[in-house]
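1. turn this into a model:
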Amino acid sequence: MRVFSASLFNGVVMIDNKPVPSCPILGQGGNSEGVVVISKDELAYIPNTTPDLSDNITQVVNAFNSIVSALNAISSGVLPENGGGAITTGGFASGISEGVSGINNAISALNELKGRLK
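-> Numbering: from 1, shown residues only. Modelled structure (predicted):
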């Protein structure tokens, strides 16, 4: 078995800027960096999806952080004198706090997953 650094661009697998004809692509086939594995009469392109996944995790974590900030701003800015009445009573504050806690748990899990990517 031999393994070569490769790339995929516009559906064409390349090794050292030379096309690899009839090379099956494992995955969805988007432009990527990866490897071509050759074993006897078979070959396949395997993309490295870790960078894409890492970038997606970062985007989700950033979105979650924005949601937490918005919820905290709402929670601290709603007061009876705003004219809407005392909506901070009952489950309002605890509901926001539980939501923020759940989001922070998801952020921690995503950051842990991102740290394990190789």
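2. helices or strands next to the longest helix seen in the chain in the packing?
-> With DSSP state H applied, the helix covering the greatest number of residues in the chain is identified as helix 50-77. Counting contacts by 3 or more C-beta pairs under 8 Å, 6 or more residues apart in numbering; DSSP states H and E, helix 50-77 packs against helix 92-116. Every residue, glycine included, has its C-beta placed from N, CA and C.
3. list the buried ones in the helix it packs on?
-> By neighbour count, and taking 16 or more other C-beta atoms under 10 Å as the criterion, the buried residues in helix 92-116 are Ile96, Val100, Ile103, Ile107, Leu110, Lys114.
4. could you export these as CSV, including pLDDT and distance to Ile38?
-> Formatted as CSV, the buried residues of helix 92-116 follow (pLDDT from 0 to 100; distance: C-beta to C-beta, whole Å):
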residue, pLDDT, distance to Ile38
Ile96, 84, 56
Val100, 92, 51
Ile103, 94, 46
Ile107, 94, 41
Leu110, 93, 36
Lys114, 86, 32
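5. ok, those vs Cys23, which is closest?
-> Top of the list for closeness to Cys23, among the buried residues of helix 92-116 and by C-beta to C-beta, is Lys114 at 30.1 Å.
6. residues touching Val13, list them.
-> For Val13, the set of contacting residues under the criterion of C-beta atoms under 8 Å, 6 or more residues apart in numbering consists of Ala6, Ser7, Pro19, Val20, Cys23, Ile25, Val36, Tyr45.
7. distance of the fourth one relative to Gly34?
-> What it means is Val20. Applying C-beta to C-beta, to the nearest Å, the value for Val20 to Gly34 is 12 Å.
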